[in-house]
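Engineer: show me the folded form of this:
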Amino acid sequence: MYQCFVTNDFGMAQGTAELSLGDDPPVLAYTFPEQTLEPGTFLSLKCTATGTPLPQITWSLDGLPVTEGLRTRVGDFVTSDGFVNSFVNITRLQPEDGGTYECLGSNDISTVSHSARLNVFGPPFVKPMRNISVLAGGTLFIRCPVSGYPIEKILWEKGESKLPQNRRQQVFGNGTLIINNVDRSSDEGSYRCIAENKEGESAFRDVGVKVMVAPVINPFHFPANLKEGNRVIITCSVMDGDPPISLSWYKDNHPLMDNANIIVDSSNEFMSTLYMKRVTYENNGNYTCVASNRADIVNYTAPMVVNVPPQWKIQPSDKSVVVGQNVIIDCQADGFPQPRIWWEKSEESGPRDYKTIISNSHIHALENGSLMIREAEQNDAGYYLCQATNGIGSGLSKVVELTVHVAAYFKGKFIAQTLKKGESANLYCEAFGEIPITILWSKDRQPFDPATDPRYEITTESRTDSITSKVSIHAVDRRDSALFTCVATNSYGQDDTNIQLIVQEPPDSPGNILATEIGSRSITVRWTQPYTGNSPIVSYKIQHKLSSETWGNGERTTTVSERETSTVIRGLKPVTSYHVRLMAKNGIGWSEPSQAVHITTAEDAPEGAPTAVHAVASSSNTIHVSWQPPKKDLQHGIVKGYYVGYKPYGGSDNYVYQTVEVQGDFKEEIILTNLRRATKYSIIVQAFNSKGSGPPSEELIVDTLQSDPPASPNLTIVSATTSSIQLKWPAPEKDSNPITGYYLYFKKEYETWEERQIPGHQTSYVFQDLYCGSHYQFYIVAYNSVGKGKPSEVVAGKTSGSVPNPPKREALLSINSTAVSLHLNTWLGGACPPNFFIVQYKANTNREWILVSNNIVPEQKLLTITDLTPGTWYTILMTAHSEAGPTEAEYVFATLTAFGATVPPPLSIDERRPLFYRSLSIMVPTACAVVVLVVIVIVACVVVKKRRQVDNPNRRDSRFRDDKSGEGMSMSVMERKQGSAESGSPIKDQLYYPSPYAMSHIPMFQKQGSPESDCSQSLRREFGRHEHIYDVPYPPKWHDDEDTYSHIMENSNMPLHSSTNIYQAPRVIPVHAVRTSTPTHRERRSSKSRNSHRLSYKVSSMASDGHSGDESESETTYIFNREVPASYLDTHEMSEAECDRDLREFCEKNEKFQIFEQYDGQRICIT
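Structural biologist: Numbering: from 1, shown residues only. Got it, this is the predicted structure:
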C-alpha cells in the first residue's frame, strides 16, 4: 500500500494505491533426459518447477496418467526457496515400463511440460488403448504405445489393409496415425497397431474408432423495418446430425424463457418456433438457436431490430442561476435509432424567433443532450427550446426559461492605504448586486464590529443597485495596521474585498541583544530585527559606555546598515563592565533605545609589572623575594600566579624562572634556594593570568650572605617532676655557624605560647612552677648575627602526677545515727593533691542532690554532715579538684538506727521505684495536672505583669529590683539568660544563698521568674549523670557604711515546708562576705593555683537610694564562703505563714536585723 501526501497552508490531502504483484507462470528448473536401461534396474525420473502460486506437477506415460503400483511410486516436496520437486520411482524395470514419460507443471497462470522416452531392453510390447470417438470432418490422432527395445518398425492396419491407403491417412515411424477430414463411411471401424524387432518378434493391439455427426442448423432471419406492436414468428430447424438433438433459444447470450409476450414451441426434436405477440423496444437484440447432440453443440444467431420514436428520458424544465455560476439544463430522450437532440434560443423577450445554439466555450450542448452554460451572465437569461428526433414519428420539443440572478459583488478585490501614526483613515466599501445587501466587517480575518469601538465610526449609504459602507478611524496607531475585510451578502451569494491599512511609525527597539564573541578589547553584539513600524529600517545605532558612567555623558556610538544584525565594538578595556544599547531607524525616525545589556570584557595578559618588589638574602644560598600585585587597572583579569626569574648578575645566562601559583591563603613571596654563596643575583618578577604573562618588574640586585643563620637544634626532654620539666639540646658543631643565643618557647595545653631567651653557650633549661600532671609543648629557635634559624620540632611533655585517687569508704566515712564525717586527708595520697572539694549528698529514696559546699579546702581535714535520718541509706558524691583535673567518687552508706543498730541492704531501684510511666492510672492524671499547671502559670504571669506595670518604682525596696547589670545576677541565671532557656523577669539582682530553709519564699532568693512558693527551694544545675548543685552567693546592693561581715540567719526552730526540698532539716547557715582588694569579673587563681578556687565577683557600691552614683561608684570584690553548723534538727514541716511569722519574731528580737518587704508581700531579714 502506497500513500501520497500533499500539503499547503490550508490543509493536507492524501491518496492511496495498492500494488499487487502478479502471479508468475510455472517454469521447469530441472527435467529428466531420455534413457535406455536394462530390465530389473531402478529408475527415478525428476522434474523441478517454480512459479507463483506454486505449480502442481502431474505425470503421464504415453498420454495416460502414471498410476502407482507395487513397483511404481509418485511423490513431490517443496523446498524452502519455493521449488516443487516431483519424481517417479520404478523398481525392477520391465520392458512394458518403457514409453514416453511426460511431467506437466501448471498453476492459475499457465502450464509447462517436458517429455522424454524411456527405452527398456526387451521384446516388443503394445500397451492397451482406449476406443476413440471423432467428429466427422475432423482429424483423428492415434499414438501407438509401444515398449521394448530395440523396435524395428511399427505398422497400422484396418481390416486386412495396411495403412496409409489414401492422402488423408499418415503413418509415422514412432507409431503415430493421423487421419484428416474423417468420414464415417470409410474411417469408422477397428484399427491394429503392430510392433516388430529385428529378431522377428512382434506384438499388436487393436483400437476402435467411432465417427459422430454434429447438428447442422438451417439459417433464419427477422423481418426488416419492425415497429413497436408488430408480431414476429421465427423457426429454427436442424438439417443433419446424430440424434438425439436438443434445441434451445438465447437472447443476448441469456436463456430466453416463455412469458406473456414470448412463446417457444418445440413440436419435435429437429425444429423449434419462437412466437412474439407484440414487439417493443426492449425486444431488440441478438437471438440465438442452440442445437446439441453427443457429437457437438452448434448455434446460429440473428439480430432483431425494432424502430421506436423519441421519448423523454429527462424532460427539460425552467432553471435559475446566479451570475458567474455554471448551470446545466437537462434534456435527454430515448428511441431507436437514438434520437438527435439540438437547442435553440429565443432572440426576443418572449418564446419565439428561436435560433440554433452553436456550442462554444461559454455555452455547450453535451453529448447526452443537456445544455451547459459556464459562468452565466445576465444576457444568458431567456427562453430555450430543446428538440429530439430519430426519423420515427414527429419527434419531441420543449421550451424552458432560464432566470439569471445577480449575487452581491465588489468591482475591486483589494486596496492598500498607508498612513502615519496619528492621522485619520476612511475605509470605503461599495457592494453591487440585487438589493437588499448586508455588509459585515472583519479585521485580520476576525469578526469586527466598528460600532463597538469608540475609536471607529461607521456610516452606510444605499442606492438602487449598490450599497456603500464607510469606516472612519481617528488618530490611527499600530493597532490599526491590519487587513480589513468587507463582506457583502444578499439572497444569491456573497463577496468580499480587502483593504490593507498600513500605519507607519518609528520602529521598536532592537531585541534579543546578545554578546556572542567577547574578547578582551572587543565584543561582537548580535540582535534581532525589531518591529519595523511598517517602514523599512535604514540603519542601526549601537551605543556603549562604561557601566559606571551615565547615558548622555560621552557614550561611544557606532552606526551600521539595515542589512546588518551584528557588529564588532572595538577599543575596549580588558575585564571591564560596559553597558550596550541599540536604536533602529526607518523612514519615520529613530526608535527608543533598547534595554541596556551588561557585558564584561574578557581577560588579557597583565599590562603592569608587580609592585613593591623586595628581595633580601636569607642565607648564603637563599634569597627571600616578596612583592605586591600589579596595579588593579593593569592586571586585566585574575592573577593566577607569578614567574620569579633570577640569574647571576652581569652574566649572559638566561633567567631561571620559578612559578608561584595563587592558591588558598596566598602570600606574595618566595624563597629562592640552591644559590651560590656571596654572589650577586639579578631578580625580576612577572605576573600571569589565564591569558598570559605581563611585563617583568625592574631588575633587583641582591648579594647572597657569606654565612647562614644557625641550624635548627634537636630539642629533647630530659626529665620531669610535678612542677618542672628539664629540656636539653646539643651544642653546635665547631665548623658550623656560630650561635649567639636561643629563644625557647613553651605553652600549656590549650593556652598561648610564651618565650624565654637563653644565652648561646647554654645547652639545657629547666621550666619551674608548672602545673602538676599537666601537658606542655616546647620548641627552640637559635639565632646569630645573621638572623634566626629555623624552629625545631615541637616536643610535648607532661609534669609528673595524676588526678587524686579516691579513698575507700571505710577510710573516708565515719557514720552514726544522724551524721556522717568525711576525713578529707584520706585524699592526700595522690601525686597531685586536691585543691578543693565539692560535696553533695542525697537519700537514696530522693532524686535531688543536696549541696554541702562547692569550695571545701583540704586544710579543713574533717567535714561533718549532720541532721541525717537514722536508719536511712544515703549516697555522697565527692569531687576532688586538682591541677591535673577533677576526680569524682560516690559512696553509699546507711546511718545507724536510733538504737545504734545497722540497717539491712537497700532494695534495688526497680523494686524500690516502679516504672510509673507504664501505669495509665498515674500518667493520665499527671498529664492533666501538668496541663492545668501550665495554664495557671501563664495566667499568673499575666496578672503579675499587670501588677508590676502599676507598681511605684520608688518604693523602699527598689534597690533590690533596679539593678540591671550582670553583677547582680546568679551564675545559673546568667547562663540561662545566655542560653535563652528562661524568660526574663523584672527582678535583676537575685541573691542565691545556700539557705535551704524558708528563704526560698523571699523573691530575691528565688530563681528568676520562678512561680514556686515553697519555704525552701534551692537552685539546681545538672552535670552529666549526676545532679551537682552549685549555690553561688551574689550580694544585693551594698552600702559603704555596712560592716565587713553580713549574716543571714535562719531560725533553727522552723520546720521545712515540704519533704521534697533539697535540704531536709532546719539549720542556721551563716554566709560571710569577705571584702578583697582586687576587683575582677571572673574566677582568678595564682600562678600555682593553690587554694584559689573560691569564687570572687565584683560588685559596685551604690548610693543610698539604691542606684549607682555618678561620682562615688566604686568596685569591690567579695568572696563568699559558707559555714555549716554542726547540729540542726528537722522537727516538722511548717506553712508559709508560719515561716513569715517566725521570721518577723526573730528579726524583732535581734535589733541588728531589719525586715525588708518585697513587692509581693514576702519579707526578708538582713543586717
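Engineer: check for me that residue 430 belongs to a strand.
Structural biologist: Yes - counting by DSSP: H, G, I helix; E, B strand; the rest coil, one finds residue 430 located in a strand.
Engineer: nearest spatial neighbour of it, chain-adjacent residues omitted?
Structural biologist: Once flanking residues are discounted, residue 430 sits nearest to residue 468: 4.5 Å by C-beta to C-beta, 6 or more residues apart in numbering. (Each C-beta comes from the backbone N, C-alpha and C, glycine too.)
Engineer: what residues are up against the one residue sitting closest to the centre of the chain?
Structural biologist: By C-alpha atoms, centre = their mean, the chain has its centre lying nearest to residue 512, at 27.3 Å. Residues in contact with residue 512 (C-beta atoms under 8 Å, 6 or more residues apart in numbering) are 526, 527, 528.
Engineer: the last one: neighbour count?
Structural biologist: This points to residue 528. 10 (other C-beta atoms under 10 Å).
Engineer: report the secondary structure state of residue 290.
Structural biologist: For residue 290, the assignment made with three-state DSSP gives strand.
Engineer: tell me how many other residues surround the nearest residue to it once chain neighbours are set aside.
Structural biologist: Excluding its sequence neighbours, the residue lying closest to residue 290 (C-beta to C-beta, 6+ apart) is residue 299, at 4.4 Å. The local packing of residue 299 (other C-beta under 10 Å) involves 14 other residues.
Engineer: residue 299: what's it in contact with?
Structural biologist: Per C-beta under 8 Å, 6+ apart, neighbours of residue 299: 217, 250, 288, 289, 290, 291.
Engineer: would you turn those into a markdown table with neighbour count and distance to residue 401?
Structural biologist: Shown next, in a markdown table, are the contacts of residue 299 (neighbours: other C-beta atoms under 10 Å; distance: C-beta to C-beta, whole Å):
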| residue | neighbour count | distance to residue 401 |
| --- | --- | --- |
| 217 | 19 | 59 |
| 250 | 16 | 50 |
| 288 | 19 | 50 |
| 289 | 25 | 54 |
| 290 | 19 | 56 |
| 291 | 25 | 61 |
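Engineer: identify the farthest-apart pair in those residues.
Structural biologist: Across the contacts of residue 299, the longest distance by C-beta to C-beta is 13.0 Å; it joins 217 and 250.
Engineer: if we can go back for a sec, name the helices or strands packed onto the host helix or strand of the residue nearest to residue 430?
Structural biologist: Per DSSP states H and E: residue 468 is located in strand 466-473. Applying 3 or more C-beta pairs under 8 Å, 6 or more residues apart in numbering; DSSP states H and E, one finds that strand 466-473 contacts strand 425-432, strand 438-443, strand 456-462, strand 482-490.
Engineer: any chance of those strands in a markdown table with distance to residue 533 and mean pLDDT as columns?
Structural biologist: Output for the helices and strands packed on strand 466-473, formatted as a markdown table (distance: least, C-beta to C-beta, whole Å; pLDDT from 0 to 100):
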| stretch | distance to residue 533 | mean pLDDT |
| --- | --- | --- |
| strand 425-432 | 16 | 93 |
| strand 438-443 | 19 | 92 |
| strand 456-462 | 22 | 91 |
| strand 482-490 | 15 | 94 |
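Engineer: out of these, nearest to residue 767?
Structural biologist: strand 482-490 (98.9 Å).
Engineer: give the partner strands of that closest one in its sheet and their orientations.
Structural biologist: Strand pairing for strand 482-490, determined by DSSP bridges: strand 438-443 (antiparallel), strand 493-504 (antiparallel).
Engineer: what residues sit buried inside it?
Structural biologist: For strand 482-490, burial by neighbour count (16 or more other C-beta atoms under 10 Å) applies to 482, 484, 485, 486, 487, 488, 489, 490.
Engineer: between these, which sits nearest residue 421?
Structural biologist: Distance to residue 421 across the buried residues of strand 482-490 (C-beta to C-beta) is lowest for residue 482, with 14.1 Å.
Engineer: got a list of what the closest one touches?
Structural biologist: Going by C-beta under 8 Å, 6+ apart, residue 482 touches 443, 444, 501.
Engineer: and what of residue 148?
Structural biologist: The contact partners of residue 148, taken as C-beta under 8 Å, 6+ apart, are 95, 96, 98, 120, 121, 122, 123, 124, 125, 195, 197, 203.
Engineer: if we go to 10 Å?
Structural biologist: 39, 94-96, 98-99, 119-126, 195, 197, 201, 203 (C-beta atoms under 10 Å, 6 or more residues apart in numbering).
Engineer: how close does residue 926 get to residue 339?
Structural biologist: With the distance defined as C-beta to C-beta, to the nearest Å, residue 926 ends up 121 Å from residue 339.
Engineer: which of these two has more neighbours?
Structural biologist: Per other C-beta under 10 Å, whichever of residue 926 and residue 339 has more neighbours is residue 339, with 25 against 13.
Engineer: let me know whether the more buried one touches residue 310 as I believe.
Structural biologist: Yes - Residue 339 lies in contact with residue 310 (C-beta atoms under 10 Å); the separation is 3.9 Å.
Engineer: who touches both of those two?
Structural biologist: 333, 387, 388, 389, 390, 391, 392, 393, 395, 396.
Engineer: correct me, but the third one touches residue 313?
Structural biologist: Yes - in this structure residue 388 lies within contact range of residue 313 using C-beta under 10 Å: 9.3 Å.
Engineer: of these two, give the one with the bigger neighbour count.
Structural biologist: Ranked by neighbour count (other C-beta under 10 Å), residue 388 and residue 313 place residue 388 first, with 24 against 15.
Engineer: ok, now which ones touch residue 592?
Structural biologist: Residue 592 neighbours (C-beta under 10 Å, 6+ apart): 506, 507, 508, 509, 581, 583, 584.
Engineer: so of those residues, which ones are in strands?
Structural biologist: 581, 583, 584 (DSSP state E).
Engineer: between those residues, which is nearest residue 822?
Structural biologist: Using C-beta to C-beta, the ones in strands among the contacts of residue 592 come closest to residue 822 at residue 581, 88.9 Å.
Engineer: can you get me a residue count around the closest one?
Structural biologist: 20.
Engineer: if we can go back for a sec, turn the contacts of residue 592 into TSV, columns for distance to residue 843.
Structural biologist: Converted to TSV, those look like this (distance: C-beta to C-beta, whole Å):
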residue	distance to residue 843
506	98
507	96
508	91
509	89
581	87
583	93
584	95
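Engineer: other SSEs contacting the longest helix anywhere in the chain?
Structural biologist: Assignment by DSSP state H gives helix 920-950 as the longest helix of the chain. Applying 3 or more C-beta pairs under 10 Å, 6 or more residues apart in numbering; DSSP states H and E, we find helix 920-950 packed against no helix or strand.
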